[in-house]
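A.B. asks: what would the 3D arrangement of this be:
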Amino acid sequence: MPIVSLRASDFDATTRVAAFQDAVSAICKLDIVPDHLDRFTSETVIGVLPTLVTGIGIHSACRAERTTGLAAETGDNLMIHIPVAGGFSMHQHGGVAVDCAPGIIYVDPNEVPGRARFHGARSEVFYVSLPRGVLASCGSRLDRMLRGTAPLTPQWRLFSRYARALHDEMAGLSTDEALRCAVHVQDLALLALGADRDSAEQARGRGGRAARLAAIKSDIETHLTEPCLSVEWITSRHRIS
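C.D. replies: Got it, this is the predicted structure:
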């Protein structure tokens with residue numbers, strides 16, 4: 001599956017910042033302005049599917065701006081920002097300035113201009129971009145979250161872990177396998193956002209089961225050589241019959 005890597009360190013030292021800025025502008029539709037040119041580091045790894053884009057960004061202190069012109073090139077997607085380490089502040093047109101740190105998410109309408117500032121020597125953020133139409137059944141719940149933060153609830157943690165697992169394994173999956181996993185990510189987003197009852201029931205049946213099965217398999221692999229491992233032990237830990 002398509003994986004795109006952007007690392008400032010891959011560019012020649014004499015033109016590193018300018019070359020990296022050009023690449024980020026073309027691929028991520030952002031203008032990057034480092035706080036310290038001589039100490040600037042940035043790395044983004046993006047997994048691209050027709051129905052889902054995932055990414056991990058690690059940055060030193062800098063400003064990332066989506067201008068009106070760049071915003072017009074992004075399409076009608078929503079990007080969910082999940083801070084992993086460090087933090088950043090965000091301000092998009094039509095919203096208020098907010099601070100983002102581990103333990104919360106930020107829902108970003110891609111077509112809206114705005115500015116993010118990454119703080120400190122190292123900030124890491126996991127991103128998931130979804131077509132807006134996939135989440136339409138969330139209605140006003142989704143509208144209220146745009147350009148704002150929300151707590152990283154158990155539902156959002158489940159979404160994040162499954163999406164991150166897909167991101168990490170995407171290069172080894174076939175197109176069909178990755179697309180099936182993308183449907184599970186979309187379903188988990190619907191559950192976390194609080195879709196209407198019909199959509200939530202459908203999502204619970206697909207994404208919820210897939211995520212729980214992945215967690216059970218991981219638990220079995222972790223404890224494979226331990227004498228405590230049994231059907232009863234697994235069912236008790238995961239609260240299933």
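A.B. asks: drop to CA atoms for contacts and neighbour counts, all remaining ones
C.D. replies: Fine.
A.B. asks: how about whichever helix in the chain runs longest: buried residues?
C.D. replies: As assigned by DSSP state H, the longest helix anywhere in the chain is helix 175-193. Going by neighbour count (16 or more other C-alpha atoms under 10 Å), the buried part of helix 175-193 is 178-179, 181-193.
A.B. asks: lowest-scoring secondary structure element of this structure by mean pLDDT?
C.D. replies: The helix or strand of the chain with the poorest confidence is helix 197-203; it has a mean of 47 (mean pLDDT, DSSP states H and E).
A.B. asks: quick one on the thing from earlier: what mean pLDDT does the longest helix of the chain have?
C.D. replies: Per-residue pLDDT over helix 175-193 has a mean of 92.
A.B. asks: and stretch 141-153, by the same measure?
C.D. replies: pLDDT averaged over stretch 141-153 gives 91.
A.B. asks: give the buried residues for it.
C.D. replies: Residues of stretch 141-153 classed as buried: Leu142, Met145, Leu146, Arg147, Gly148, Thr149, Leu152 (neighbour count, 16+ other C-alpha under 10 Å).
A.B. asks: ok, now stretch 100-117?
C.D. replies: Buried residues in stretch 100-117, counted by 16+ other C-alpha under 10 Å: 100-102, 104-117.
A.B. asks: just stretch 232-241 next, same as before
C.D. replies: Under the neighbour-count criterion of 16+ other C-alpha under 10 Å, stretch 232-241 has Ile234 buried.
A.B. asks: could you do stretch 24-44 as well?
C.D. replies: Those would be 24-25, 28-35, 40-44, for stretch 24-44 by 16+ other C-alpha under 10 Å.
A.B. asks: where does the chain dip in pLDDT?
C.D. replies: 1, 195-214, 239 (pLDDT under 70).
A.B. asks: all helices for it, in order.
C.D. replies: 16-28, 68-71, 140-145, 154-169, 175-193, 197-203, 209-222, 231-238.
A.B. asks: can you redo these as JSON lines with distance to Val128?
C.D. replies: Below are the helices of the chain laid out as JSON lines (distance: least, C-alpha to C-alpha, whole Å):
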{"stretch": "helix 16-28", "distance to Val128": "13"}
{"stretch": "helix 68-71", "distance to Val128": "17"}
{"stretch": "helix 140-145", "distance to Val128": "15"}
{"stretch": "helix 154-169", "distance to Val128": "7"}
{"stretch": "helix 175-193", "distance to Val128": "9"}
{"stretch": "helix 197-203", "distance to Val128": "17"}
{"stretch": "helix 209-222", "distance to Val128": "16"}
{"stretch": "helix 231-238", "distance to Val128": "27"}
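A.B. asks: and Val48, which of those helices is closest to it?
C.D. replies: Among those, helix 154-169 comes nearest to Val48, with 9.2 Å by C-alpha to C-alpha.
A.B. asks: list the buried residues in that closest one.
C.D. replies: By 16+ other C-alpha under 10 Å, the buried positions in helix 154-169 come out as Gln155, Trp156, Arg157, Leu158, Phe159, Ser160, Tyr162, Ala163, Arg164, Leu166, His167.
A.B. asks: residues contacting it, please?
C.D. replies: Residues outside helix 154-169 that contact it (C-alpha atoms under 8 Å, 6 or more residues apart in numbering): 47, 54-55, 82, 126, 128, 178, 181-182, 185, 188-189, 191-192, 211.
A.B. asks: try 6 Å this time
C.D. replies: Residues outside helix 154-169 that contact it (C-alpha atoms under 6 Å, 6 or more residues apart in numbering): Val185, Leu188, Ala192.
A.B. asks: tell me the one of those residues nearest Ile240?
C.D. replies: Nearest to Ile240 among the contacts of helix 154-169: Leu188, at 19.4 Å, using C-alpha to C-alpha.
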